[in-house]
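**Q** Here you go, sequence then predicted model.
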Protein chains: 6
Amino acid sequence: MADLVTFGETMLRLSPPAGQRLETEGELDAQVGGAESNVAAAAASLGTDAAWLSKLPANPLGRRVVRSLRSHGVTLDVAWDDSDAARLGTYYLERGADPRGTDVIYDRADASITTVAAGELDLSVVESADVFHTTGITPALSAAASETTTELLRVAGEADVTRSFDLNYRSKLWSAAEARERYESLLGHVDLLFAPIRDARTVLGYDDDAESVAYRLADDYDIETVVVTRGATGSLAYTDGEIVEQGVIDAETVDAIGTGDAFVGGVLAELIDGSGIDTALSYGAAAASLKRTVEGDVLVTTRAEVEAALNQSTDGISR
Amino acid sequence: MADLVTFGETMLRLSPPAGQRLETEGELDAQVGGAESNVAAAAASLGTDAAWLSKLPANPLGRRVVRSLRSHGVTLDVAWDDSDAARLGTYYLERGADPRGTDVIYDRADASITTVAAGELDLSVVESADVFHTTGITPALSAAASETTTELLRVAGEADVTRSFDLNYRSKLWSAAEARERYESLLGHVDLLFAPIRDARTVLGYDDDAESVAYRLADDYDIETVVVTRGATGSLAYTDGEIVEQGVIDAETVDAIGTGDAFVGGVLAELIDGSGIDTALSYGAAAASLKRTVEGDVLVTTRAEVEAALNQSTDGISR
Amino acid sequence: MADLVTFGETMLRLSPPAGQRLETEGELDAQVGGAESNVAAAAASLGTDAAWLSKLPANPLGRRVVRSLRSHGVTLDVAWDDSDAARLGTYYLERGADPRGTDVIYDRADASITTVAAGELDLSVVESADVFHTTGITPALSAAASETTTELLRVAGEADVTRSFDLNYRSKLWSAAEARERYESLLGHVDLLFAPIRDARTVLGYDDDAESVAYRLADDYDIETVVVTRGATGSLAYTDGEIVEQGVIDAETVDAIGTGDAFVGGVLAELIDGSGIDTALSYGAAAASLKRTVEGDVLVTTRAEVEAALNQSTDGISR
Amino acid sequence: MADLVTFGETMLRLSPPAGQRLETEGELDAQVGGAESNVAAAAASLGTDAAWLSKLPANPLGRRVVRSLRSHGVTLDVAWDDSDAARLGTYYLERGADPRGTDVIYDRADASITTVAAGELDLSVVESADVFHTTGITPALSAAASETTTELLRVAGEADVTRSFDLNYRSKLWSAAEARERYESLLGHVDLLFAPIRDARTVLGYDDDAESVAYRLADDYDIETVVVTRGATGSLAYTDGEIVEQGVIDAETVDAIGTGDAFVGGVLAELIDGSGIDTALSYGAAAASLKRTVEGDVLVTTRAEVEAALNQSTDGISR
Amino acid sequence: MADLVTFGETMLRLSPPAGQRLETEGELDAQVGGAESNVAAAAASLGTDAAWLSKLPANPLGRRVVRSLRSHGVTLDVAWDDSDAARLGTYYLERGADPRGTDVIYDRADASITTVAAGELDLSVVESADVFHTTGITPALSAAASETTTELLRVAGEADVTRSFDLNYRSKLWSAAEARERYESLLGHVDLLFAPIRDARTVLGYDDDAESVAYRLADDYDIETVVVTRGATGSLAYTDGEIVEQGVIDAETVDAIGTGDAFVGGVLAELIDGSGIDTALSYGAAAASLKRTVEGDVLVTTRAEVEAALNQSTDGISR
Amino acid sequence: MADLVTFGETMLRLSPPAGQRLETEGELDAQVGGAESNVAAAAASLGTDAAWLSKLPANPLGRRVVRSLRSHGVTLDVAWDDSDAARLGTYYLERGADPRGTDVIYDRADASITTVAAGELDLSVVESADVFHTTGITPALSAAASETTTELLRVAGEADVTRSFDLNYRSKLWSAAEARERYESLLGHVDLLFAPIRDARTVLGYDDDAESVAYRLADDYDIETVVVTRGATGSLAYTDGEIVEQGVIDAETVDAIGTGDAFVGGVLAELIDGSGIDTALSYGAAAASLKRTVEGDVLVTTRAEVEAALNQSTDGISR
């Protein structure tokens, strides 16, 4: 049974090469990505026994997701949707270059996951985990996905599994008001929270500095550990009444998508491994920096590579 | 104003290279295709002034459709959907190789066209055409698309525009019973019918040979010209009490998708050009054979090339 | 009828990927580009009704130019050359990397456009335009192209169409002395001049600062508006006795070719739209910066994107 | 624990596109393949719980093998070689076209598997299987690999696991005389033998028709079931005193490599599923025919697809 | 010094992938090919010491030709054209598929070779050869190329070098009448003639069977050996009063361009090696069949492979 | 006969595109590279008559090396290995991006060159050269390669050929102690030494500044000229009692592999051309900077381009 269990949507990602446009390019790179499976894969690359729960269409695209996650070393527990309406969510990614922004077009409405029910999933996988992780994207997908999120957090809580949650607000899926209401009902059932500072401010209305936001979130919702991420400024964690800070490790960016998920994966892998939050944040920072150097949503790496990044010991070519 | 006006859905087509599988391939070829725009493009390549009416999402994928059809020389009258739910229908194509069949996965539910209304389109484009063409796919997409089909046929009829219709039954969109009911209400408003023999039998229940099917369809629905297509056996047309037959021109198949649409495009181009049905069928057969030699849904050719295929005058390399 | 009409040569552009050499690379990227059609396409992407006049070989390469420009939304009026000598001009582009310069090899001698005559073109397209635009490349191509340039400027002038001209000196086509003589005879028939500062100095001998060059050009040739472009220093315009300045919008450069044409396209689109020269220059700057972020000679964009670049409102990933 | 356990070498396969030569091609397609893992993957695609035992270099190439096999749904038990000499065997494949033959260049000497010892592997995986499968390639690799083969067959035998063996003679690895001596010592420890007729004749000296070869092999070595494969002529099995024959299912060949392994995988999957040898052979034939339609060593398919091939129910495009 | 010296034009060949059209494809495959250098390269691959004389533009495209031919093992003696007008001839190749023919678009007018003069070349290379070879394409290029052809044949004749000539009529370069006149003046200076039967009939007016054509050509122009090629019917040679016939070796065609040149290269290599005409023709047939299996104008092979093709000993995969 | 003769191993280099990982990428770029042949090719591109001696497997991979080096203008004298064990050394290159380092995986054990003997090579090629060059990689490959290195240096010395040597320490091939011992026995037979400062310190134990290292190396081993290279700090040479310094020419790095070899090639080309060490170092610096702008191990350039880099005269696009 897996130590880390995640739950959420994984999509097909289609993208033209850098410098090419979705309007014109004839060849699209096809990959698979989703916040929660990205976390599971990043943790697995660091040695964590990680699993992912979801619902997928019973067709080649659904099987593609399975193949991809298996290749990253993630164990799967998937409910198969063989209805006529079964579909895999898709997103189109067009990389920007200043002053042109990166563009993401979601085509994920009515994906199979939007009909998921807790009864379709193997709850014992959740019960036997060390950490159960999901994000604010999942409850935004549909009423059914939202209910299943609640139910899995409940199951995890009753089994004394650490419940991890990343706010991950997506303005293309719901309004800030809708998200706030839902977050407020969920945060009481969370033990470890990842809160991007922008989401904490825009959605939850915390107009403070990061440190205070961490403290107040922990206090307001009785959360054991709150990790606030601040993009290029790095992250900090509040736990046991103390603040731990972690800077960003500079990286040459090949593909920025999935950086936050690699960070969470690194943190969770290290916490599960028994490290303290300070070490965990540093592994998260290293994982995030490495993710930026690789194409795709998912961090492909090894523990040795993460530790080399941490030690900045990678100058030159080894031969 | 265009001589040929078509109406229907155009999708993004995503396909791995031949011999590769959707489950595993990292690069997908992206093209644009749809029965009615394929017909318009094929006719345009033969010199017809052709237009296409539809509704598209106001995003890069919608603009991609516009770019592609414009490049084929088709004039567009498009209603733009800028709602949050706007989407372009997609289909995945995996080429087969015996004994593995070609697989098509539709992901077209709730595409922008499903909300189309006649009021969004420029009906004067229809009124000033020689021929208005649509297919049995369009009414299968949604109630709105079905109503708009009826309305455009009505507008065409009142303006004495020849109304052309291809049964094009798609079992993944509706049942044979549903299709039959709809076809029966539409066929009374059609002047030129393209009927694949399989559709005539499976859906409309004509258990006859092709000649009788053509005659009976013409008779039952008072259709001026009925063209029955029979795959490798070729086509025949019933008009003015006479049957005209046309064989298939053998082709080395690179991509079979769109063969039927190229046939229709060739026939319509030639009829609009003033030829009789016998000549029109032969141009259709040549266009269909050339389509098979080219990748993609759409026939890319010239009138000279079609005539060379007709005259089988293409042995060897000209240099 | 189009609001902007341009006239000139469009070539096939063949280029190896960045970091590869023309001597060794097995796959060449094939695109279509030419100063005047680049301008038309850039303006069309901003919503201008734009047309392009030229002469092309009646073969697949000529048709390729047509397809490409149509896809960018440009209307075409093309004289087809079906002589044995018909050819499309070609250029090879090898992207540099410091200290290796970008290399352009022209193979454009005796292209079909070099035989163009005004009588082959539909002059009513010019007469009904708001702006007629061509560049200093066209008269450099051949005596016939030069005469046709004169004739089209004359037709435009008589129809009170604004005559726009970009010096665009190409040292590989003619000497500075030859160019100067020709420019001097043409500039009296120009209402709006785009003058790269380097060309104004090297070819026309204006050894002044940009402001004075603009003033003197306007004065010497009685030109209503003179826009002087200065590369990274930005542009300025002299009109109605006043100077307007515009800085450069910083861009991450993917492909620098066509930057100047995108600038001109942006300026013309906005002037045709009714804006003043200051607004027009800013749209030109935004269009130029966006062009740098995209592969190919031609700017592929939308008005919304240009305005976002103008407002620098593109930080981060929208999702 | 897995129902099917295989043991052997998996290599990196590098191949130019069809029609290109190893001497000249700049891009090589990289895949992973090996007889025994191909069998495991084919069986897994049919729903068998399949595992693969081996030894791999502790580097990105070794991890690539792991990723690839996991993606095919195969469970792995791998001994990692982190010595300086660790290497992954490689083979170069150049597809032929008559009269040019397909060329395979092995570069597999001293691969990590050549140092494998039974003690490095988890023998309980073998003991709990239904079927243990290896081939004549493995003992040809090195003395250590040969001893480990003997040991694993012994372990399987003692645990009453069905021992399956495919002769798979490779003339580039050893002489017929060497192979014969080794085969003769191994065949007494085999319950299910796959014998290509060419190997039975060339190596083991059975100069009979296929039926007699099957009978004599079963009799000489006391093997419960002997399957003789005859290329285009199909296969036959001798078991319980009876002969069962199975024809070949015609296929359009995209890539012939791995056809035999897909056959064995199909047979084993079906036997493990509880079918008789006749049904098993038919699934093997269907799996083999499907393999030919897909690029790569490994069959990527589903049970549904295999059954469709068996029923020849794949004419046309389903849409 | 080389044993075989050839003289002629080599061009850049640009082609879309099979099934794609020149009008639409974004990536063109770039290679180098020309009848006489194809012959030299084919002979070199069989072990002949082969050289090629020509004139090339002093730019990356000219250097590309040099690199490519050197890689095939051909020695070069090239006059470099560093004039402004220097250019490399180009041709576009679009592979057909029945009923669409293969299309070749030449863009070779005024290539640097059209200004070649004998004085620019190292004539001692010709004088020391065993065989000097050129084709009917070279004199068709320009008056200068035609004169140089005459001059090199004269130099070869005076040095007792065997003068080999392939009619290679190209209707896109000159009329049959022009070609005939020129051929008639050249054939008296030829010792070994390769005459495609179609050229002998269309251009030279020999309306006979192949055998008579060979005899009459030898007789009319006092040519020692005449090889008549007849496409799929094979070839025959007349020499010393006798006829030798050679069939075609069946091949799976990947790329038919250059088949005739590979044939000539095989024949010349073998004659230079001291074989009789019968053996030489068989090597030519094998070389031609192998050429068809490889992309590009040039045969990439080895003597061993040619001999295997000759012995039809290539069934199956060797491993 | 060649002016520069080099001796060493050339390998197949396989690399995924930048941003992709060896673990996952399906297409590997295949090139050919080796320190000594890189030097020969760089010198040849500058006009030097350069040759390369080695031993290669008699298979398509060995022939690939020959083709590649010939295309760079290098003459070859190769001993062919047709034994069963013949193999070409391979290396895998994964480009890094901070903080991920570039990774090189060697798979070169037991390559054919490891069995090379001086008797297999044409020693007259060495004897007639101006400069004989090899590197510290070659003696590290095997005892036989080491002995052959000694022997070729002896032959060169006796023929008064300048003996050039680059330390080129490779920690993956041997320990510093082993290397030191071997270097110490070789350096007495060297006239021109290239010493990376890191190697001089780590391996030979010179803990001085570059100037002193150069002086001491020259003094300790009686070497005429010692060039010390210091990465981004540039190089310096000690000769005739004087120190010459040379800075680095800044470059936009596309591929850093082979930079040092291009430097050596530039220096040697210029020395052979008769220049002094100061000019030679500057050409080396220019060659090194250009190498960084091109994909692959080998510098593809021209003398004109090197001189332009030297004169920093490459701003802008020439057209």
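**A** That came through, no problem.

**Q** Sort out which residues of stretch A:112-131 are buried, please.
**A** Counting neighbours by 16 or more other CB atoms under 10 Å in any protein chain shown, one finds that the buried residues in stretch A:112-131 are A:112-116, A:118, A:120-121, A:123, A:125-127, A:129-131. C-betas here are computed from N, CA, C, even on glycine.

**Q** Need phi/psi at residue A:200.
**A** For residue A:200, the backbone dihedrals (degrees, to the nearest 10) come out as phi -60, psi -40.

**Q** on that earlier part again, what about the buried residues of stretch A:112-131, which are in helices?
**A** Mapping the buried residues of stretch A:112-131 onto helices (DSSP state H) picks out A:123, A:125-127.

**Q** nearest to chain C, of the residues you listed?
**A** The closest of those to chain C turns out to be residue A:126 (CB to the nearest CB; 27.7 Å).

**Q** And the closest one, how far from residue A:267?
**A** 20 Å (CB to CB, to the nearest Å).

**Q** What of residue A:101?
**A** Note on residue A:101: its distance to residue A:267, by CB to CB, is 28 Å.

**Q** So for these two, which sits in the more crowded spot?
**A** Each of residue A:101 and residue A:267 has its neighbours counted (other CB atoms under 10 Å in any protein chain shown); residue A:267 has more, 33 against 19.

**Q** Is that one in contact with residue A:280, as I believe?
**A** Yes. The pair residue A:267 / residue A:280 is scored as a contact, 4.5 Å apart, by CB atoms under 8 Å.

**Q** Just the CA trace of the strand or helix carrying residue A:93, in CSV.
**A** When elements are assigned from DSSP states H and E, residue A:93 belongs to strand A:90-94. Written as CSV, here are the backbone C-alpha positions of strand A:90-94 (Å, rounded to 0.1, in the frame of the first residue of the first chain):
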residue,chain,number,x,y,z
THR,A,90,-7.7,18.3,-22.3
TYR,A,91,-5.7,21.5,-22.0
TYR,A,92,-3.8,23.4,-24.6
LEU,A,93,-0.6,25.1,-23.6
GLU,A,94,1.1,27.8,-25.7
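
**Q** Contacts for that strand, please.
**A** Outside strand A:90-94, the residues within contact range by CB atoms under 8 Å, 6 or more residues apart in numbering or on different chains are A:11-16, A:21-22, A:33, A:102-108, A:257, B:60-61, B:90, B:107.

**Q** Taking strand B:90-94 as reference, get the angle to it.
**A** Put simply, strand A:90-94 runs at 90 degrees to strand B:90-94, going by axes from the mean of the first three to the mean of the last three CA atoms, to 10 degrees.

**Q** In helices, which of the contacts of strand A:90-94 fall?
**A** Checking these against DSSP H, those in helices are B:60-61.

**Q** Residue C:212 versus residue A:128, what's the distance?
**A** Distance from residue A:128 to residue C:212, by CB to CB: 81 Å.

**Q** repeat for residue A:229
**A** Going from residue A:229 to residue C:212 by CB to CB gives 54 Å.

**Q** Of those two, give the one with the bigger neighbour count.
**A** Remark: of residue A:229 and residue C:212, residue A:229 carries more neighbours, 30 against 14, as counted by other CB under 10 Å.

**Q** beta partners of residue A:194?
**A** On the basis of DSSP bridges, residue A:194 is bridged to residue A:166, residue A:227.

**Q** That one: neighbouring residues, count only.
**A** 29.

**Q** try residue A:240
**A** By other CB under 10 Å, 11 other residues sit near residue A:240.

**Q** And it, how far from residue A:269?
**A** For residue A:240 relative to residue A:269 (CB to CB), the value is 21 Å.

**Q** again with residue A:179
**A** For residue A:179, the distance to residue A:269 equals 28 Å [CB to CB].

**Q** Which one's more surrounded, those two?
**A** residue A:269 (29 against 23).

**Q** C-alpha coordinates for the helix or strand the more buried one falls within, PDB please?
**A** Using DSSP H and E, residue A:269 falls within helix A:259-272. Provided in PDB are the C-alpha atoms of helix A:259-272 (Å, rounded to 0.1, in the frame of the first residue of the first chain):
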ATOM      1  CA  THR A 259       6.800  23.800 -10.700                       C
ATOM      2  CA  GLY A 260       4.400  24.200  -7.700                       C
ATOM      3  CA  ASP A 261       3.400  20.500  -7.900                       C
ATOM      4  CA  ALA A 262       7.100  19.400  -7.900                       C
ATOM      5  CA  PHE A 263       7.600  21.600  -4.800                       C
ATOM      6  CA  VAL A 264       4.700  19.900  -3.000                       C
ATOM      7  CA  GLY A 265       5.900  16.500  -4.100                       C
ATOM      8  CA  GLY A 266       9.300  17.200  -2.700                       C
ATOM      9  CA  VAL A 267       8.000  18.500   0.600                       C
ATOM     10  CA  LEU A 268       5.700  15.500   1.100                       C
ATOM     11  CA  ALA A 269       8.300  12.900   0.100                       C
ATOM     12  CA  GLU A 270      10.700  14.300   2.700                       C
ATOM     13  CA  LEU A 271       8.100  14.600   5.400                       C
ATOM     14  CA  ILE A 272       7.000  11.000   4.800                       C
END
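
**Q** So which elements touch that helix?
**A** Secondary-structure packing of helix A:259-272 (3 or more CB pairs under 8 Å, 6 or more residues apart in numbering or on different chains; DSSP states H and E): strand A:4-7, helix A:35-45, strand A:131-135, strand A:162-166, strand A:192-196, strand A:225-229, helix A:277-291.

**Q** now these as TSV including mean pLDDT?
**A** Formatted as TSV, the helices and strands packed on helix A:259-272 follow (pLDDT from 0 to 100):
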stretch	mean pLDDT
strand A:4-7	98
helix A:35-45	98
strand A:131-135	98
strand A:162-166	98
strand A:192-196	98
strand A:225-229	98
helix A:277-291	97
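
**Q** Return the residues of the stretch 151-300 of chain A in contact with chain C.
**A** Neighbours of chain C within the stretch 151-300 of chain A, by CB under 8 Å from any CB of the partner chain: A:170-172, A:256-257.

**Q** Most neighbours of all those, which one?
**A** residue A:257 (24 neighbours).

**Q** Was I right to think it contacts residue A:35?
**A** No. With contact defined as CB under 8 Å, residue A:257 does not count as touching residue A:35 (10.4 Å).

**Q** Which stretches in the stretch 1-150 of chain A count as strands?
**A** A:4-7, A:11-15, A:27-33, A:50-57, A:75-81, A:90-94, A:102-107, A:131-135 (DSSP state E, counting those that start in this stretch).

**Q** Report the beta-bridge partners for the nearest residue to residue A:252 once chain neighbours are set aside.
**A** Spatial nearest neighbour of residue A:252, excluding adjacent residues (CB to CB, 6 or more residues apart in numbering or on different chains): residue F:97 at 3.9 Å. Residue F:97 has these beta-bridge partners by DSSP bridges: residue F:100.

**Q** List the contacts of residue F:97.
**A** Counting by CB under 8 Å, 6+ apart, residue F:97 makes contact with A:251-254, A:292-293, F:18-19.

**Q** What confidence value was assigned to it?
**A** The score at residue F:97 is 94. That number is its pLDDT.

**Q** How about residue A:314?
**A** pLDDT recorded at residue A:314 is 47.

**Q** Same question for the one 4 residues further on.
**A** Each residue has a pLDDT score; the one for residue A:318 is 64.

**Q** And for residue A:231?
**A** On pLDDT, residue A:231 comes in at 89.

**Q** isn't residue A:301 right next to residue A:44, touching?
**A** No. The pair residue A:301 and residue A:44 fails to qualify as a contact (CB under 8 Å) at a distance of 10.4 Å.

**Q** can you list the residues of the stretch 51-200 of chain A near chain F?
**A** Counting by CB under 8 Å from any CB, the residues of the stretch 51-200 of chain A near chain F are residue A:71.
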